[in-house]
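Chemist: Just a sequence and a predicted model for now, questions to come.
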Amino acid sequence: MRQIASILIFLMLPVAALAEESRLMTGPEIEAALNDRTLIYPGNIKQVFYASGKTLYDNGSPSWGNWAVRDAQYCSEWPPAGGWSCYDMQRQTSDGSLRFISDTGHVTEGVYLE
């Protein structure tokens, strides 16, 4: 009986690890993760998040926008288009990357530029 319990616990460990790895970040966690930090996205795209609430997105053509944390989501707006878009965020514990998740489920993943 003890062997069966041990096996069941062992089989449940990967599920628990995945749950922790994919936990949504809180507002204060998002703020701390982005404030005055730089992320690199696939394709060598860079984004700087300034404490002032400004953000610089550079994919070869720099674009200035604004960022904020609202209701435990990362939100951004890019003039002149106007309007804010908000995203859930996750920190991947396995590699420290950050995931931005749109309301449609699209995921953009970035890593810190150190």
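Modeler: Cool, got the structure. Residues are numbered from 1 along each chain as shown.

Chemist: Show me where this structure has its helices.
Modeler: 2-21, 27-34 (DSSP state H).

Chemist: Quick check: mean pLDDT of the shortest one?
Modeler: I take that to be helix 27-34. For helix 27-34, the mean pLDDT works out to 97.

Chemist: what's the least confident stretch among the helices of the chain?
Modeler: helix 2-21 (a mean of 41).

Chemist: Can you tell me how far Ser63 is from Lys54?
Modeler: Distance, Ser63 to Lys54, by C-beta to C-beta, to the nearest Å: 11 Å. Just so you know, the C-beta spots here come from the backbone N, C-alpha and C atoms, and that holds for glycine as well.

Chemist: Kindly report the same for Ser94.
Modeler: 31 Å.

Chemist: Val48 now?
Modeler: Shown here: Val48 relative to Lys54, a distance of 8 Å by C-beta to C-beta.

Chemist: More neighbours: these two, which one.
Modeler: Neighbours were tallied for Val48 and for Lys54 using other C-beta atoms under 10 Å; the higher tally belongs to Val48 (17 against 12).

Chemist: Packing partners of the longest strand along the chain?
Modeler: Ranked by residue count and defined by DSSP state E, the top strand of the chain is strand 62-70. Contacts defined by 3 or more C-beta pairs under 8 Å, 6 or more residues apart in numbering; DSSP states H and E place strand 62-70 against helix 27-34, strand 54-58, strand 73-77.

Chemist: got the CA positions of the longest one in PDB?
Modeler: Taking only C-alpha atoms (Å, rounded to 0.1, in the frame of the first residue of the first chain), the coordinates of helix 27-34 have been written out as PDB:
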ATOM      1  CA  GLY A  27       0.000  43.300  -9.900                       C
ATOM      2  CA  PRO A  28       3.000  43.900  -7.600                       C
ATOM      3  CA  GLU A  29       4.900  41.000  -9.100                       C
ATOM      4  CA  ILE A  30       4.300  42.500 -12.600                       C
ATOM      5  CA  GLU A  31       5.400  45.900 -11.500                       C
ATOM      6  CA  ALA A  32       8.600  44.500  -9.900                       C
ATOM      7  CA  ALA A  33       9.400  42.300 -12.900                       C
ATOM      8  CA  LEU A  34       9.100  45.100 -15.500                       C
END
